[in-house]
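Chemist: pasting the sequence and the predicted model now:
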Amino acid sequence: MRGRFFDPGGCGLQIEERPPARGAGHVIGLENARAGRALEEARRALEILKRAYSDEEHSDFVRAWIPLGKALTQTGEIAEGERVLRRALVVGEKKLPPKHRWIASTQGALGENLALQERYGEAHELLQTSYDNMKSSLGEKNPSTLAAAERLQKFQQARAE
């Protein structure tokens, strides 16, 4: 059975509220465990890259920083998630072609992070740019583009209410 959705802070990011299973707190425990594993995997990938490259300005770091920033945000380390995602954006814009999908992914993740911090103006701009860049680089029907469009639409609807 699917649960209902709620929107913490009215920022357009919806979290599914599921019925308890195996006792109260089970779902929250599973979600925290998944986010914790994602954080661990992202940190491990980053350590591998640090051993492979002496320069953290290599574009491959952008690819590793995106899931790290998302995982930090999901585990409640929002300020650190923002710092990692901003670094990914700076390096990505310097090392990758304009509108590259990794830049667009970083913009979307940073937009979600800032929305959670109730910094709606900057969040909206990043979510819009993420969608626009995904659309131009991957096409309108690409699953990543559709996900970016859905995030933007939910954010806009939540802000209009």
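Modeler: Nice, thanks for sending it over.

Chemist: mind showing which ranges of this structure have poor pLDDT?
Modeler: Where the chain drops to pLDDT under 70, the residues are 1-32.

Chemist: point to the residue nearest the middle of it.
Modeler: Using C-alpha atoms, centre = their mean, the residue of the chain that lies closest to the mean C-alpha position is A109, 2.7 Å off.

Chemist: which parts of the chain are strands?
Modeler: In the chain, the strands defined using DSSP state E lie at 4-6, 15-17.

Chemist: spit out the contact partners of K70.
Modeler: Neighbouring residues of K70 by C-beta atoms under 8 Å, 6 or more residues apart in numbering: 38, 81, 109, 112. For every residue, glycine as well, the C-beta is placed using N, CA and C.

Chemist: the first one and G69 touch, don't they?
Modeler: This points to A38. No: using C-beta atoms under 8 Å, A38 is not in contact with G69, being 10.9 Å away.

Chemist: need the nearest residue in space to T129, chain neighbours excluded.
Modeler: In space, and not counting its chain neighbours, T129 is closest to Q107: 5.2 Å by C-beta to C-beta, 6 or more residues apart in numbering.

Chemist: need the contact list for that neighbour.
Modeler: Contacts of Q107 (C-beta under 8 Å, 6+ apart): 89, 126-127, 129-130, 133.

Chemist: go again with 10 Å.
Modeler: 85, 88-89, 92-93, 125-134, 148 (C-beta atoms under 10 Å, 6 or more residues apart in numbering).

Chemist: I figured T106 was touching V62, is that so?
Modeler: Yes: T106 is in contact with V62 according to C-beta atoms under 10 Å; the separation is 6.7 Å.

Chemist: overlap in contacts of the two?
Modeler: Counting by C-beta under 10 Å, 6+ apart, the residues touching both T106 and V62 are 87-93, 96, 100.

Chemist: export these to a markdown table and append columns for neighbour count and distance to R43.
Modeler: Output for the shared contacts of T106 and V62, formatted as a markdown table (neighbours: other C-beta atoms under 10 Å; distance: C-beta to C-beta, whole Å):
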| residue | neighbour count | distance to R43 |
| --- | --- | --- |
| R87 | 17 | 15 |
| A88 | 25 | 14 |
| L89 | 21 | 19 |
| V90 | 13 | 20 |
| V91 | 21 | 18 |
| G92 | 24 | 19 |
| E93 | 14 | 24 |
| L96 | 16 | 22 |
| H100 | 17 | 24 |
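
Chemist: please consider this matter closed, and thank you.
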